[in-house]
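Asker: sequence below, structure please.
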Amino acid sequence: MAAADSPSAALRRRDLCSRGIRLAGKMRSDVIDLLDAYVERQGLDASASVAVFEGVPVAAAEHWDEQTGTQRLLENLSAYRAFRSLLAQMLEEQREQLGEADAPLGQALAAVLLQVSAFTYHLEELLQLVSPGPPSEEGPGPPLPSHLSLFERKLRGLGVLRELAQWAVRSARDLRQLNKSSPGSSSAPSPAESP
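Answerer: Have a look, this model is predicted:
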């Protein structure tokens, strides 16, 4: 029996999936709260349509049902690494723009950035359990356009937070699917999900 298929590994995998689902739910709730505060403080319309900015990961996935658990985890990991860079940039811009005048919004952004970082590490741990091998390397992150006007940066921030909320939903769904396919769970893994 391979190490990844051992009963203790299966229990660890289910535990990591369950904790990840809870973390994603908490993160989504906090992002929604942050989104409301962000819209209000930036003077934006909550219903504003925002174009996708380069470097912002989109949660929608084509052929989601055809992806393996490892592929889903890799996409999630890539997205959260990008969000970590994007949120750090937003936090820096927020501090430059408003300084300490809007400390609560900066603190909320920092708290979500911390959650994204923690979730990224959680996904890395789960990925190593599911797909042993050399850890995936973190790339340089998404390109952060510096030529955006203040209004465009505000809209990019709105888009980042909206997509992050959608990713939290997708991540919970991906982790539920991975949990279902784990050995010893109630449903058998599909051929595409088998190790």
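Asker: relative to Gln107, how far out is the closest residue to Ala79 other than its chain neighbours?
Answerer: The shortest distance from Ala79 to any non-neighbouring residue, by CB to CB, 6 or more residues apart in numbering, is to Pro57 (3.8 Å). C-beta coordinates here come from the backbone N, C-alpha and C atoms, glycine included. For Pro57, the distance to Gln107 equals 24 Å [CB to CB, to the nearest Å].
Asker: neighbour count winner among those two?
Answerer: Between Pro57 and Gln107, counted using other CB atoms under 10 Å, Pro57 has the larger neighbour count: 21 against 11.
Asker: that one and Gln166 touch, don't they?
Answerer: No: in this structure, Pro57 is not within contact of Gln166 by CB atoms under 8 Å, at 9.5 Å.
Asker: against Val130, how distant is Leu77?
Answerer: From Leu77 across to Val130, the span is 11 Å (CB to CB).
Asker: who touches stretch 70-85?
Answerer: 55-57, 59, 61, 64, 67, 113, 116-117, 119-120, 123-124, 126-127, 130-131, 136, 138-139, 141-142, 144, 160, 163-164, 167, 170-171, 174, 177-178 (CB atoms under 8 Å, 6 or more residues apart in numbering).
Asker: for the helix ranked longest in the chain, buried residues please.
Answerer: Ranked by number of residues, the top helix in the chain under DSSP state H is helix 7-42. Applying a neighbour-count criterion of 16 or more other CB atoms under 10 Å, one finds 9-10, 12-14, 16-17, 20-21, 23-24, 27-28, 30-31, 34-35, 38-39, 41-42 buried in helix 7-42.
Asker: so what's the residue nearest to the spatial centre of the chain closest to, chain neighbours aside?
Answerer: When CA atoms, centre = their mean is applied to the chain, the residue found nearest the centroid is Tyr80 (3.9 Å). Spatially, and ignoring its direct neighbours in sequence, Tyr80 is nearest to Thr120 (4.4 Å; CB to CB, 6+ apart).
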